[in-house]
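**Q** Could you look at this predicted model? Sequence included:
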Amino acid sequence: MEANALVTPEKMDITQIERKMHFTGKVIKTTLAGAVIDIGTETPGVVHISQIQNEPINRVEDVVELGQSVDVWVRRVIPKKKRIELTMIKPLDLEWRELSKDMVVKGKITRLEKFGAFVDIGAERPGLIHISEMTHDYIKSPEDVVKTGDEVEVKILSVNRQKKQIKLSMKALEEPPMKAIKETKSAKNEKEEQTEEVEVIPTAMEIALREAMEKSQKDLVSKSSTKSGKKSKATSNELEGILNRTLQQKMRTK
């Protein structure tokens, strides 16, 4: 049964009555401590003087009288004592102990600020949707997504009972845009491919060294039979010359 839903029982048994049930009853007795209310059950309920209204009162008769029809909600049921405790103060839809992380609730936008929107979800305090939790897209202000009075469905991100803070999210209930995911993956793959290409392509210095080494090896094979000492020195000088010319050419092209 929905919390705070109006119940019109036909002699309900006390074991069927649950906390926060809403009844319309009739005052059948008043005392110094409160009032006795007939809610249509076998056992009448009692309203303590402190539960008649939020503001303090001196006498029960100042607010209610015999035969008056009143709205009441169940605070507590004690079947063994056949006692039903009622309140005329409408209870919260969600109390602090009933709030938990990842719970999905509905509420109404009550106030907009630059940093987000406050939502009445039926708790003691409104929850806050930070602007970054409204949508996956970039927005400049909360007005781009919601306005005061809008009914929204939100997910509870965290609850701080000591600070009485409730952080909410609309974005958490939406699927992230697939286009953005695909673009991100495509850009990542393209970057990896470019990196691989750069690693494979040899530099100008590497090419020059390879050519010099290949030429020196050919010279060594063709002249290995004679003048080995002179040939080695000449080859070394030739290699050094090629390297110097390559470096000078590279400096000029920068």
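**A** Perfect, thanks for sending it.

**Q** can you give me the strands in the stretch 1-150 of the chain?
**A** Taking DSSP state E, counting those that start in this stretch, the strands of the stretch 1-150 of the chain run over residues 6-7, 22-30, 34-38, 45-48, 69-78, 83-87, 104-113, 116-120, 127-130.

**Q** ok, the last one: who's next to it in the sheet?
**A** Read that as strand 127-130. When pairing is defined by DSSP bridges, strand 127-130 lines up against strand 116-120 (antiparallel), strand 165-169 (parallel).

**Q** Same check on the fourth one?
**A** Strand 45-48 has the following strand partners under DSSP bridges: strand 34-38 (antiparallel), strand 83-87 (parallel).

**Q** Compare these and give me the one nearest residue 169.
**A** Taking C-beta to C-beta as the criterion, residue 169 comes closest to strand 83-87 out of the strands paired with strand 45-48, the separation being 32.8 Å. From N, CA and C alone the C-beta is placed, and that goes for glycine too.

**Q** Which residues outside the closest one are in contact with it?
**A** Residues outside strand 83-87 that contact it (C-beta atoms under 8 Å, 6 or more residues apart in numbering) are 14, 17, 23, 25, 37, 39, 41, 43-48, 51, 72-78.

**Q** And stretch 160-175, by the same measure?
**A** Residues outside stretch 160-175 that contact it (C-beta under 8 Å, 6+ apart) are 96, 99, 104, 107, 119, 121, 123-130, 132-136, 145, 152-159.

**Q** For ChimeraX, write the select line for the buried members of the residues you listed.
**A** One line in ChimeraX is enough to select the buried members of the contacts of stretch 160-175, burial here meaning 16 or more other C-beta atoms under 10 Å:
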select :99,107,119,121,123,126,127,128,129,130,133,134,145,152,154,155,156,157,159
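
**Q** What count of nearby residues applies to residue 114?
**A** Around residue 114 sit 9 other residues, with neighbours defined as other C-beta atoms under 10 Å.

**Q** now do residue 142
**A** Other residues within reach of residue 142 by the criterion other C-beta under 10 Å amount to 22.

**Q** got the contact list for it?
**A** Residue 142 makes contact with 112-114, 116-117, 129, 131, 134 under the criterion C-beta under 8 Å, 6+ apart.

**Q** Now do the SS call for the closest residue to residue 99 other than its chain neighbours.
**A** Counting by C-beta to C-beta, 6 or more residues apart in numbering, the nearest residue to residue 99 once its immediate chain neighbours are dropped is residue 159, at 4.7 Å. At residue 159 the chain is in strand, as set by DSSP: H, G, I helix; E, B strand; the rest coil.

**Q** gap between residue 159 and residue 40?
**A** In this structure, residue 159 lies at 37 Å from residue 40, with C-beta to C-beta, to the nearest Å as the measure.

**Q** ditto for residue 55
**A** Taken as C-beta to C-beta, the spacing of residue 55 relative to residue 40 amounts to 28 Å.

**Q** How about residue 117?
**A** Per C-beta to C-beta, residue 117 is found 42 Å from residue 40.

**Q** For stretch 16-26, could you pull out the residues that count as buried?
**A** Judged by neighbour count using 16+ other C-beta under 10 Å, the buried positions of stretch 16-26 are 17, 20-23, 25.

**Q** out of residue 117 and residue 40, which sits in the busier spot?
**A** Shown here are residue 117 and residue 40; by other C-beta under 10 Å, residue 117 has more neighbours (28 against 16).

**Q** Look up how far residue 123 lies from the more buried one.
**A** Residue 117 sits at a distance of 15 Å from residue 123 (criterion: C-beta to C-beta).

**Q** which sections of the protein are below the confidence cut-off?
**A** Low-confidence regions of the chain, defined by pLDDT under 70, span residues 1-11, 179-209, 212-213, 215-254.

**Q** And it, what are its domain boundaries?
**A** Residue ranges for each domain of the chain read 6-87, 96-173, 204-253, as given by automatic domain parsing.

**Q** In stretch 51-59, which residues are buried?
**A** By neighbour count with 16+ other C-beta under 10 Å, stretch 51-59 contains the buried residues 51-52.
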